[in-house]
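Engineer: Sequence and predicted structure are below.
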Amino acid sequence: MSTEPEEPGHGHSPAAWTAVVIMLVGFTIGTIAFFLVGTVPEFANASWIVWASAGIVLVGLLVGWAMAKAGYGAKGPKYSPKAH
C-alpha cells in the first residue's frame, strides 16, 4: 500500500491549458486597453474594450469547465497523463 497521495493533475490537462491561454489573452488585451484608455486621447472612449476583455476571461473559464465536463480534465477519460 502506497503512502503517497494520488497526483490530482495540477492543471496538466487540455482543459486547463485551453482555459489559461484564453484567460491570458483576455487579461493581456484588457491591460493594454486599460493603459491606452487612460493615457492616449484617441482611446478615451474605448473603455468597452476593457469590458470585452473581461468577457473573454469569463469565456475562458466556461471553456475550461466545459472541456473538463467533456472528459478533457485531469481526471477525465479522454485525457492521458504524460510521464515525467
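Structural biologist: Thanks, I have the structure now.
Engineer: Helix or strand next in line after the longest helix along the chain, which one?
Structural biologist: Longest helix in the chain, counting residues (DSSP state H): helix 14-39. Per DSSP states H and E, the first helix or strand lying C-terminal to helix 14-39 is helix 47-67.
Engineer: and that next one, what other elements does it pack with?
Structural biologist: helix 14-39 (3 or more CB pairs under 8 Å, 6 or more residues apart in numbering; DSSP states H and E). Placement of C-beta: from N, CA and C, glycine included.
Engineer: same for the helix it packs on, what does it pack against?
Structural biologist: Going by 3+ CB pairs under 8 Å, 6+ apart, helix 14-39 lies up against helix 47-67.
Engineer: For the helix it packs on, which outside residues touch it?
Structural biologist: Here helix 47-67 makes contact (CB atoms under 8 Å, 6 or more residues apart in numbering) with 14-16, 18-23, 25-27, 29-30, 33-34, 37, 73.
Engineer: mean confidence score for the longest helix of the chain?
Structural biologist: Across helix 14-39, the average pLDDT comes to 94.
Engineer: Just the buried residues of that helix, please?
Structural biologist: Buried positions in helix 14-39, judged by neighbour count with 16 or more other CB atoms under 10 Å: 14-16, 18-19, 22-23, 26, 29-30, 33, 36-37.
Engineer: which one of these is nearest residue 68?
Structural biologist: residue 15 (4.3 Å; CB to CB).
Engineer: Does the closest one touch residue 75 like I think?
Structural biologist: No. If you go by CB atoms under 8 Å, residue 15 and residue 75 don't touch, sitting 10.3 Å apart.
Engineer: what's the burial count for residue 76?
Structural biologist: 17 (other CB atoms under 10 Å).
Engineer: The residue lying closest to it once chain neighbours are set aside: neighbour count?
Structural biologist: Once flanking residues are discounted, residue 76 sits nearest to residue 68: 6.5 Å by CB to CB, 6 or more residues apart in numbering. Residues near residue 68, counting by other CB under 10 Å, number 20.
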